[in-house]
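Visitor: how does the following fold in three dimensions:
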Amino acid sequence: MMAIITQPCPFCGCDEKDLTLSSEKSISCVWHFVLCGNCSAQGPQEKSAGEAWERWNDRI
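Guide: Numbers count the residues shown, from 1 in each chain. Predicted structure coming up:
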């Protein structure tokens, strides 16, 4: 398995990030997003973990 290289938080520069899940029971859907461990900035919600990391890295 390849390690995912991630960009620091675009708001605070922190390198501490976690992949987080949220779910909506009404539509049986699970969303993945990256959350900064310092300032709690949240990346876009995506259907897969890989997409969530990609979108985090693409943020300006």
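
Visitor: element containing the nearest residue to residue 38 once chain neighbours are set aside?
Guide: Leaving aside its chain neighbours, residue 38 sits nearest to residue 14 (3.7 Å; criterion: CB to CB, 6 or more residues apart in numbering). For the C-beta atoms, the positions are set from N, CA and C on the backbone; glycine is no exception. Taking DSSP states H and E as the definition, one finds residue 14 inside no helix or strand.

Visitor: so how far is residue 7 from residue 14?
Guide: 11 Å (CB to CB, to the nearest Å).

Visitor: residue 45 too?
Guide: Residue 45 sits 18 Å away from residue 7, going by CB to CB.

Visitor: so between those two, which is more surrounded?
Guide: Neighbour tally, residue 45 and residue 7, criterion other CB atoms under 10 Å: the higher count belongs to residue 45, 17 against 13.

Visitor: before we move on, which element is the most centrally placed residue in the chain in?
Guide: Central residue of the chain (CA atoms, centre = their mean): residue 34, 1.6 Å from the mean position. In this assignment (DSSP H and E), residue 34 forms part of strand 29-36.

Visitor: starting at the chain centroid, how far to that strand?
Guide: 5 Å (CA atoms, centre = their mean, to the nearest Å).

Visitor: need the contact list for the closest residue to residue 24 other than its chain neighbours.
Guide: Closest residue to residue 24 apart from its sequence neighbours, by CB to CB, 6+ apart: residue 31 at 7.7 Å. With contacts defined as CB atoms under 8 Å, 6 or more residues apart in numbering, residue 31 is in contact with 21, 22, 23, 24, 45, 46, 47.

Visitor: show me the strands in this structure, by range?
Guide: Ranges of strands in the chain, per DSSP state E, are 17-24, 29-36.

Visitor: just the ones you listed: most buried one?
Guide: Each of the strands of the chain was scored by mean neighbour count; the highest is strand 29-36, a mean of 18, by mean count of other CB atoms under 10 Å.

Visitor: returning to what we had before: tell me what the residue nearest to residue 24 is bridged to.
Guide: Judged by DSSP bridges, the bridge partners of residue 31 are residue 22.
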